[in-house]
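Chemist: here is the input, now give the coordinates:
(one chain, ligands or ions: 3)
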Amino acid sequence: MNASLRPLLPPGPYLLCDDTVRPDMPLVAKAERLLAGGARVVQLRMKRTPVREALEVARQVVQLCRRAGAVCLLNDRVDLALLSDAHGVHVGDEDVPPEAARSLLGPGRLVGVTVRGVEGAIAAREAGADYVGVGPVFGTTTKQVPAPVLGVEGLARVVKGSPLPVVGIGGVGLDNMPWVAATGVHGAAVVSDALLAQDIAERVRLLASAFEQGRVGG
Ligand SMILES: Cc1ncc(COP(=O)(O)OP(=O)(O)O)c(N)n1
Ligand SMILES: Cc1ncsc1CCOP(=O)(O)O
Ligand SMILES: [Mg+2]
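Modeler: Numbers count the residues shown, from 1 in each chain. Ligands and ions are numbered 1, 2, ... in the order given. The predicted model follows:
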């Protein structure tokens, strides 16, 4: 498999464009605001959007991301990722297994996989993943996660032992971003802290500077 064919996952804040948080705002408007704030990675997470509408949204959001030079990943849906020419997917325990996602997407797209620890990260690498999503780092109301909160110490342990870049997720926001970045994570995924902000673009800018402030060696 030729990994040099696929895009790199940019480090720093990893923004989710999600239909469960602030459902009154259209997903395309959310994506525009995230990108206006300089988001370099956008994961489109559609849990409530009917599939035909989801495909249309995915096509529009991927195009916006590509124009802005950002990486766009589809949550859960390998089919929508291919049809919208997204940069890749993020899959978890209830989705298509990572090996199958890799085989459908080929070597040119990114595959991110949710894991709970170092063993999972090792297995994800063997399955062809490019990075792992690890959490919940802190308590969150955005998703009911069947796993204990890791805290920054737990996250740091996974970062240390993981053979793949780690993206921390769950309760990450402006207040704790420097501490999350200081664990050495590659990325810090944010849903509600950005989408519930009055000025989403400005919040994304602040999240990026908070990540830089805490970054190992930064
Ligand atoms: C970066 C990142 N990490 C973890 C997740 C969670 O994925 P999953 O476990 O499949 O849960 P859903 O997001 O599908 O509810 C993620 N989306 N992104
Ligand atoms: C999708 C997901 N997976 C683990 S926690 C989470 C939600 C994180 O949302 P928030 O950033 O609002 O806590
Ligand atoms: Mg999923």
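Chemist: going by C-alpha atoms from here, please, whenever you check contacts or count neighbours.
Modeler: Will do.
Chemist: tell me how far residue 189 lies from residue 4.
Modeler: 24 Å (Cα to Cα, to the nearest Å).
Chemist: neighbour-wise, which of these two wins?
Modeler: Taking other Cα atoms under 10 Å, residue 189 and residue 4 do not tie; residue 189 has more neighbours (23 against 9).
Chemist: that one in helix, strand or coil?
Modeler: Of the three states, residue 189 takes strand under DSSP: H, G, I helix; E, B strand; the rest coil.
Chemist: burial count for the nearest residue to residue 216 once chain neighbours are set aside?
Modeler: Spatial nearest neighbour of residue 216, chain neighbours left out: residue 182 (5.2 Å); criterion: Cα to Cα, 6 or more residues apart in numbering. By other Cα under 10 Å, 18 other residues sit near residue 182.
Chemist: just checking, residue 182 touches residue 212?
Modeler: No: using Cα atoms under 8 Å, residue 182 is not in contact with residue 212; the gap is 9.3 Å.
Chemist: sorry, back to before: dump the residue contacts of the residue nearest to residue 216.
Modeler: 214-216 (Cα atoms under 8 Å, 6 or more residues apart in numbering).
Chemist: repeat for residue 173
Modeler: Neighbour list for residue 173: 190, 193-194, 207 [criterion: Cα under 8 Å, 6+ apart].
Chemist: now do residue 70
Modeler: Residue 70 makes contacts with 35, 39-42, as judged by Cα under 8 Å, 6+ apart.
Chemist: what pLDDT does it get?
Modeler: pLDDT for residue 70: 98.
Chemist: okay, it and residue 186: tell me how far apart.
Modeler: Distance, residue 70 to residue 186, by Cα to Cα: 16 Å.
Chemist: repeat that for residue 19.
Modeler: Distance from residue 19 to residue 186, counting by Cα to Cα: 25 Å.
Chemist: who has more neighbours out of those two?
Modeler: It is residue 186, of residue 19 and residue 186, that has more neighbours when counted by other Cα under 10 Å, with 22 against 18.
Chemist: read off the pLDDT value for the more buried one.
Modeler: 98.
Chemist: now the one 3 residues further on
Modeler: pLDDT for residue 189: 99.
Chemist: ok, now how distant is it from ligand 2?
Modeler: Between residue 189 and ligand 2 the computed distance is 6 Å (Cα to the nearest ligand atom, to the nearest Å).
Chemist: near ligand 1, which residues of the chain show up?
Modeler: 75-76, 91-93, 114, 133-134, 167, 169, 189 (Cα under 6 Å from any ligand atom).
Chemist: what subset of the residues you listed is buried?
Modeler: 75-76, 91-92, 114, 133-134, 167, 169, 189 (16 or more other Cα atoms under 10 Å).
Chemist: ok, so of these, who is nearest ligand 2?
Modeler: When these are ranked by distance to ligand 2 (Cα to the nearest ligand atom), residue 169 comes first, at 5.2 Å.
Chemist: just checking, the closest one touches residue 132?
Modeler: No: in this structure, residue 169 is not within contact of residue 132 by Cα under 8 Å, at 10.2 Å.
Chemist: tell me how far residue 56 lies from residue 28.
Modeler: Distance, residue 56 to residue 28, by Cα to Cα: 10 Å.
Chemist: more neighbours, the two?
Modeler: Taking other Cα under 10 Å, residue 56 and residue 28 do not tie; residue 28 has more neighbours (17 against 13).
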